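> sequence first, predicted model second:
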Amino acid sequence: MNGSPDSGRRRTVGVLGGLGPEATLDFFAKVLQSTPAASDQEHLHLLIDNDPSVPNRNDAVAGRGPSPAPELAAMARRLEGAGADFLVMVCNTAHAFQSAIVEAVGIPFVSIVEVTVEATLARAPSARRVGVLAAEGALDAGLYQRAFAARGVTALVPEGDDRARFMDGMYRIKAGDKGEAVRRDMLGLARVLQGAGAEALVAGCTEVPLVLTQAALDAAGTALPFVASTDALVEATVALALGERALPGPRP
């Protein structure tokens, strides 16, 4: 990120949410938990546009449905108009349409993909193969593959039946199912990536950390460093909002 931290200057966060709603709620709860605050007044100012009507991102990437770009751009403009100093989006696959957001506003947009890759390499600096549990749209758009490749790291992703298994689990989580069967499926997919040579694991979908955690992986013997994209975005958001981290520079 460019520039220098603006220490002491609190920033208002604009959140493109509802993609899905429970992942947005998880993000908000974790921001609250991660903010050093002893009173209401010490918490951060978040503007959350929770709009679940945005078209399906996976269908759009696959050419099966309409693009969500116009709705995402409209959300970004609403948040900027409401006073947001920077934007984040609680959905990885929607970052395939990031350019529509960036072009719609004059404030910085912070990529969940970029901060997750940064967090992963900080956690596992020697890793050269990272397993990524992500939706088909994110994989087909190459979001994590490109971001890791730019840093000399190979992204290992679910293929074939494993990809279909992931999508089934993701949609079950979106429908409210966080039961043991879904947890086992996600854990099984993590083990597949570990068997393929992953030296670290990334939850490149904000539904995944609703059922899979580092503690669960450790307890199951899949003791690889695990980075949830939600957690990476929370950490970056809090630091940026507190003025402890520099915002991205203006777009070219």
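Now that the structure is in, tell me what you want to look at.
> run a quick neighbour tally on the closest residue to residue 58 other than its chain neighbours.
Spatial nearest neighbour of residue 58, chain neighbours left out: residue 137 (3.8 Å); criterion: CB to CB, 6 or more residues apart in numbering. The C-beta positions use only the backbone N, C-alpha and C, and glycine is treated the same way. Counted by other CB atoms under 10 Å, the residues lying close to residue 137 total 24.
> what's the helix or strand where residue 137 lies in contact with?
Assigned by DSSP states H and E, residue 137 belongs to helix 136-140. Around helix 136-140, the neighbours that count as contacts under CB atoms under 8 Å, 6 or more residues apart in numbering are 57-62, 92-93, 95-96, 132, 144-145, 157-158, 163, 166-167, 204-205.
> let's see 10 Å
Under the criterion CB atoms under 10 Å, 6 or more residues apart in numbering, residues 56-63, 91-97, 113, 132-134, 143-145, 155, 157-159, 163-164, 166-167, 170, 204-205, 229 lie in contact with helix 136-140.
> can you list the helices and strands that the lowest-mean-pLDDT helix or strand in the chain packs against?
Every helix and strand of the chain was ranked by mean pLDDT, DSSP states H and E. The lowest is helix 214-219, at a mean of 94. Counting contacts by 3 or more CB pairs under 10 Å, 6 or more residues apart in numbering; DSSP states H and E, helix 214-219 packs against helix 180-195, strand 226-228.
> how about 8 Å then?
helix 180-195 (3 or more CB pairs under 8 Å, 6 or more residues apart in numbering; DSSP states H and E).
> list the buried residues in the helix holding residue 137.
In terms of neighbour count (16 or more other CB atoms under 10 Å), helix 136-140 has its buried residues at 136-140.
> got it, and stretch 75-95?
For stretch 75-95, burial by neighbour count (16+ other CB under 10 Å) applies to 75-76, 78-80, 84-95.
> what stretches of the stretch 1-150 of the chain score poorly on pLDDT?
Scanning the stretch 1-150 of the chain with the threshold set as pLDDT under 70 gives 1-8.
> so residue 232 touches residue 113, yeah?
No - Residue 232 lies out of contact with residue 113 (CB atoms under 8 Å); the separation is 9.4 Å.
> tell me how far residue 14 lies from residue 81.
Distance, residue 14 to residue 81, using CB to CB, to the nearest Å: 10 Å.
> strands along the stretch 1-150 of the chain, start to end?
For the stretch 1-150 of the chain, strands defined by DSSP state E, counting those that start in this stretch occupy the ranges 13-17, 46-50, 86-89, 129-133.
> can you redo those as TSV with distance to residue 175?
What follows is the strands of the stretch 1-150 of the chain, written out as TSV (distance: least, CB to CB, whole Å):
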stretch	distance to residue 175
strand 13-17	18
strand 46-50	17
strand 86-89	22
strand 129-133	18
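> of all those strands, which one is nearest residue 240?
Taking CB to CB, strand 86-89 is the member of those nearest to residue 240, at 6.2 Å.
> what are the contacting residues of the closest one?
So strand 86-89 is contacted by 11, 13-17, 19, 72, 76, 79-80, 95, 98, 101, 105, 107-110, 112, 233, 236-237, 240, 247-248 (CB under 8 Å, 6+ apart).
> for it, what is the distance to the chain centroid?
Chain-centre distance of strand 86-89: 11 Å, with CA atoms, centre = their mean, to the nearest Å.
> alpha carbons of that strand, as CSV, please.
The C-alpha atoms that make up strand 86-89 are tabulated as CSV, following Å, rounded to 0.1, in the frame of the first residue of the first chain:
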residue,chain,number,x,y,z
PHE,A,86,-12.6,3.8,1.9
LEU,A,87,-14.4,0.7,0.8
VAL,A,88,-14.2,-3.0,1.5
MET,A,89,-16.3,-5.9,0.2
